[in-house]
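Peer 1: When you get a sec, could you give me coordinates for this:
(chains A and B)
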Amino acid sequence: ETGVTQSPTHLIKTRGQQVTLRCSSQSGHNTVSWYQQALGQGPQFIFQYYREEENGRGNFPPRFSGLQFPNYSSELNVNALELDDSALYLCASSSTSKQFFGPGTRLTVL
Amino acid sequence: DQQVKQNSPSLSVQEGRISILNCDYTNSMFDYFLWYKKYPAEGPTFLISISSIKDKNEDGRFTVFLNKSAKHLSLHIVPSQPGDSAVYFCAATKGNYGGSQGNLIFGKGTKLSVKP
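Peer 2: Sure, this is the predicted structure:
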């Protein structure tokens, strides 16, 4: 059984650009949640997808969007990148119990 | 407005002794609480959880205590080992007892250092 994987591991972008982060959920998990972890902070909930539909959203602007695919993998898209978007982006998958996190993607916006 | 607070940014403990990590919350609607451990360059790893209908949950060296009236929970690690050195996050959720379908609200974390 494979765990949650995320790609890429690291990414450097410039302000105004767009970025797509990817997540493969753990086998059998139909729910994927995305979190943003800024330096020195705890993870903050961005949104969650359940069976390809958005199922809850945190306090993030619309330029943060996502997708979930039939195999339950997911993408996080961020448009018009800002310097404050620099953070670790975590994906978590779950089924009927606790959430399992991937290793994260470190995004740096210059 | 921080709904989950971990007021100690760091904690240092001697190997073999007890580590106690604390967490306070403000939202009385939270009904499920979790502790995650995070090593550098890795994602958070689930450690232990507790439902609001209980006041204690134990798993090996790890015990979580919940005091609903004080809106306070704590994680006890006994005995502490050097491999326990990591950042520990407290998280809470509401609306279900499984902690899986709802979004998790995290504290800022406490960095635990266990010295040999």
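Peer 1: C-alpha only now, for contacts and for neighbours.
Peer 2: OK.
Peer 1: Tell me how many other residues crowd residue 107.
Peer 2: You didn't say which chain, so I picked chain A. By other CA atoms under 10 Å in any protein chain shown, 19 other residues sit near A:Leu107.
Peer 1: oops, chain B please
Peer 2: 25.
Peer 1: show me what contacts it?
Peer 2: By CA atoms under 8 Å, 6 or more residues apart in numbering or on different chains, the contact set of B:Gly107 is A:41-42, B:2-6, B:23, B:89-91.
Peer 1: Name the weakest-confidence residue in those, if you would.
Peer 2: Least confident by pLDDT among those: that is B:Gln2, with 85.
Peer 1: That one and A:Asn30: what is the separation?
Peer 2: 29 Å (CA to CA, to the nearest Å).
Peer 1: Could you check which of these two has the larger neighbour count?
Peer 2: Each of B:Gln2 and A:Asn30 had its neighbours counted (other CA under 10 Å), and the higher figure belongs to A:Asn30 (21 against 13).
Peer 1: Is the residue nearest to B:Asp59 when sequence neighbours are not counted bridged to anything, and to what?
Peer 2: Closest residue in space to B:Asp59, ignoring its immediate chain neighbours: B:Ile48 at 7.2 Å, by CA to CA, 6 or more residues apart in numbering or on different chains. Note on B:Ile48: beta-bridge partners by DSSP bridges are B:Trp35.
Peer 1: now swap in A:Leu11 and tell me
Peer 2: Beta-bridge partners recorded for A:Leu11 (DSSP bridges): A:Leu107.
Peer 1: Spatially nearest residue to residue 84 (excluding sequence neighbours)?
Peer 2: Since no chain was named, I'll use chain A. Nearest to A:Asp84 is A:Val109, by CA to CA, 6+ apart, at 7.7 Å.
Peer 1: think we crossed wires, I meant chain B
Peer 2: Here the residue nearest B:Asp84, using CA to CA, 6+ apart, is B:Val114, at 6.7 Å.
Peer 1: Sheet-wise, list the partners of the helix or strand harbouring the one you found with their directions.
Peer 2: When elements are assigned from DSSP states H and E, B:Val114 belongs to strand B:110-115. As defined by DSSP bridges, the strand partners of strand B:110-115 come to strand B:10-14 (parallel), strand B:86-94 (antiparallel).
Peer 1: Spell out which parts of chain A neighbour chain B.
Peer 2: A:31, A:33, A:40-45, A:47-48, A:56, A:90, A:94-104 (CA under 8 Å from any CA of the partner chain).
Peer 1: Wait, the residue nearest to B:Asp59 touches B:Trp35, no?
Peer 2: Yes - counting by CA atoms under 8 Å, B:Trp35 is a contact partner of B:Ile48 at 5.5 Å.
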